[in-house]
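A.B. asks: the sequence isn't on hand, but the structure is:
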Ligand code: AMP
């Protein structure tokens with residue numbers, strides 16, 4: 001069965017076509033710079049990547065072009081669009097409405113629209129992507145919405161409520177939602193399978209460390225807390241995002257610097273995090289290089305990232321009354337052995353100990369805890385697109 005996975009951003013449409021029965025990617029690519037000029041990159045499995053300038057005035061044209069490319073007589077991987085059994089769409093925000101993926105109908109579209117306020121950059125593009133696929137594919141081809149927030153919907157109110165006047169929760173649905181849910185769901189499930197453990201009674205902490213980073217406390221296979229909040233700005237400091245700061249800092253800077261709310265939003269989302277602290281960049285490889293050459297602010301940014309991560313792991317262990325498994329994933333979590341080592345180092349008191357030899361040179365799923373570590377520590381590469389394809393297949 002072929003499932004197309006679509007991830008529409010404000011100016012891009014990333015895609016992967018899976019043969020889910022064989023568990024392989026047939027082709028992937030990105031229709032980028034939508035509404036600007038247009039660039040299509042396309043990589044059929046086992047063949048060279050193709051890049052070309054194209055005209056992409058809107059998402060509808062982009063989706064049509066993606067389908068034309070997939071069915072191209074020379075470089076395509078299917079002969080007709082009817083060979084696509086369903087489309088799985090990554091959707092940022094499902095608000096409080098969905099804890100699982102759903103087949104798209106008018107009610108689902110209304111919810112995605114109602115959540116525009118909560119995900120202003122992503123939800124409108126996600127909906128456009130869904131409607132463009134509906135228009136371009138044979139009638140009745142199922143479209144499935146896979147929400148970044150869904151996995152976290154099992155959190156109890158004490159974990160998702162903010163201590164603001166209750167009316168703001170009622171009026172504007174202001175609460176913690178959490179993000180990277182598809183990744184946290186996928187790696188927590190995979191880690192249990194990989195370790196041969198039943199999720200019942202299992203206490204797990206999943207650490208998705210990438211350009212955006214988030215943590216989830218997962219008990220009995222269900223999320224009970226997570227570090228991102230109403231938006232993906234909360235939690236640990238990230239590539240360019242502040243993470244948690246004293247909220248009083250916002251009006252303080254606004255008053256002193258005469259900044260508007262939008263300018264503050266940009267400052268906290270795009271100019272802060274390890275980029276803001278180091279002045280070097282947001283990529284952890286650049287930071288590590290600069291720190292190695294003696295750049296003190298790059299080292300400080302790395303130390304802050306590690307320290308904040310340790311505190312979240314410790315607090316989630318406290319919240320669950322212990323932890324059995326810690327999972328590292330995403331760009332940094334999968335590739336940066338010394339961040340993993342440093343983040344876990346002071347947690348030996350609670351039975352978490354890394355084996356330095358197992359922790360280096362990892363290429364795929366691996367146990368990195370020491371034999372005498374009470375807590376199993378594993379690296380599980382995340383694969384959000386495959387998870388979306390699998391959830392889509394399961395639903396249809
Ligand atoms: P992601 O958002 O999951 O793509 O992760 C992006 C982050 O992962 C960047 O900060 C990169 O520096 C880091 N990263 C990705 N690949 C590697 C690698 N091979 N070695 C070290 N860091 C990496």
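C.D. replies: Received the coordinates, thanks. Note that the structure is a prediction, hence the values are computed from the model and not measured.

A.B. asks: and residue 346, which of the three is it?
C.D. replies: Put simply, residue 346 is helix when judged by DSSP: H, G, I helix; E, B strand; the rest coil.

A.B. asks: what sits closest to it if chain neighbours are left out?
C.D. replies: Residue nearest to residue 346 in three dimensions, not counting chain neighbours: residue 310, with 6.0 Å by CB to CB, 6 or more residues apart in numbering. Placement of C-beta: from N, CA and C, glycine included.

A.B. asks: contact partners for that neighbour?
C.D. replies: Taking CB atoms under 8 Å, 6 or more residues apart in numbering as the criterion, residue 310 is in contact with 343, 346, 347.

A.B. asks: stretch 148-168 close to the ligand?
C.D. replies: No - contact between stretch 148-168 and the ligand, assessed by CB under 6 Å from any ligand atom, is absent, since the two come no nearer than 13.5 Å.

A.B. asks: ends of that stretch, how far apart?
C.D. replies: Across its full length, stretch 148-168 reaches 23 Å between end residues, using CA to CA, to the nearest Å.

A.B. asks: distance from it to the middle of the chain?
C.D. replies: Offset of stretch 148-168 from its chain centre (CA atoms, centre = their mean, to the nearest Å): 19 Å.

A.B. asks: likewise stretch 224-234?
C.D. replies: Going by CA atoms, centre = their mean, where stretch 224-234 is centred and where its chain is centred differ by 12 Å.

A.B. asks: roughly how far apart are the nearest residue to residue 199 once chain neighbours are set aside and residue 257?
C.D. replies: Spatial nearest neighbour of residue 199, excluding adjacent residues (CB to CB, 6+ apart): residue 221 at 3.4 Å. From residue 221 over to residue 257 the distance is 46 Å, taken as CB to CB, to the nearest Å.

A.B. asks: neighbour-wise, which of these two wins?
C.D. replies: In terms of neighbours (other CB atoms under 10 Å), residue 221 is the more surrounded of residue 221 and residue 257; the figures are 16 against 10.

A.B. asks: show me the contacts for the more buried one.
C.D. replies: Counted by CB under 8 Å, 6+ apart, residue 221 has contacts 188, 189, 192, 199, 200, 202.

A.B. asks: what's the closest non-adjacent residue to the residue of the chain found nearest the ligand?
C.D. replies: Residue nearest to the ligand within the chain: residue 331 (2.0 Å; CB to the nearest ligand atom). Leaving aside its sequence neighbours, residue 331 sits nearest to residue 210 (CB to CB, 6+ apart; 4.3 Å).

A.B. asks: wait, doesn't that neighbour sit right on residue 332?
C.D. replies: Yes - the pair residue 210 and residue 332 qualifies as a contact (CB atoms under 8 Å) at a distance of 6.0 Å.

A.B. asks: between these two, which one's more packed in?
C.D. replies: Shown here are residue 210 and residue 332; by other CB under 10 Å, residue 332 has more neighbours (23 against 19).

A.B. asks: hang on, the more buried one in a helix?
C.D. replies: Yes - secondary structure assignment places residue 332 in a helix (three-state DSSP).

A.B. asks: hang on, the earlier thing: quick one, phi psi at the residue nearest to residue 331?
C.D. replies: Note on residue 210: backbone dihedrals following degrees, to the nearest 10 are phi -140, psi -150.

A.B. asks: list the contacts of it.
C.D. replies: Residues 330, 331, 332, 333 are the ones in contact with residue 210 under the rule CB under 8 Å, 6+ apart.

A.B. asks: whichever helix or strand residue 289 is part of vs the ligand: in contact?
C.D. replies: When elements are defined using DSSP states H and E, residue 289 is found to belong to helix 284-292. Yes - contact check for helix 284-292 against the ligand, using CB under 6 Å from any ligand atom: residues in range are 284, 285.

A.B. asks: would you mind pulling up the elements that that helix packs against?
C.D. replies: With contacts taken as 3 or more CB pairs under 8 Å, 6 or more residues apart in numbering; DSSP states H and E, helix 284-292 sits against helix 273-278, helix 296-320.

A.B. asks: hmm, residue 209 and residue 331 touching each other?
C.D. replies: Yes - taking contact to mean CB under 8 Å, the distance of 7.3 Å between residue 331 and residue 209 places them in contact.

A.B. asks: tell me which of the two has more neighbours.
C.D. replies: residue 209 (25 against 18).

A.B. asks: coming back round to it: identify, out of the helices and strands packed on helix 284-292, the most deeply packed stretch.
C.D. replies: Of all the helices and strands packed on helix 284-292, helix 273-278 has the most neighbours on average by mean count of other CB atoms under 10 Å, namely a mean of 22.

A.B. asks: quick one: contacts for residue 96?
C.D. replies: Going by CB under 8 Å, 6+ apart, residue 96 touches 153, 173, 175, 177.

A.B. asks: can you pick the most crowded of those?
C.D. replies: For the contacts of residue 96, neighbours were counted by other CB under 10 Å; the highest total belongs to residue 177, with 30 neighbours.

A.B. asks: could you dump the helices and strands packed on helix 284-292 to JSON lines with mean pLDDT and distance to the ligand?
C.D. replies: Below are the helices and strands packed on helix 284-292 laid out as JSON lines (pLDDT from 0 to 100; distance: least, CB to the nearest ligand atom, whole Å):
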{"stretch": "helix 273-278", "mean pLDDT": "98", "distance to the ligand": "8"}
{"stretch": "helix 296-320", "mean pLDDT": "98", "distance to the ligand": "10"}
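
A.B. asks: make JSON lines out of those and add distance to residue 390.
C.D. replies: As requested, those are exported to JSON lines (distance: least, CB to CB, whole Å):
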{"stretch": "helix 273-278", "distance to residue 390": "32"}
{"stretch": "helix 296-320", "distance to residue 390": "26"}
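
A.B. asks: from residue 387, how far out is the residue most central in space within the chain?
C.D. replies: The geometric centre of the chain, computed from its C-alpha atoms, lies nearest to residue 180 (CA atoms, centre = their mean), at 3.2 Å. Computed as CB to CB, the residue 180 to residue 387 distance reads 11 Å.
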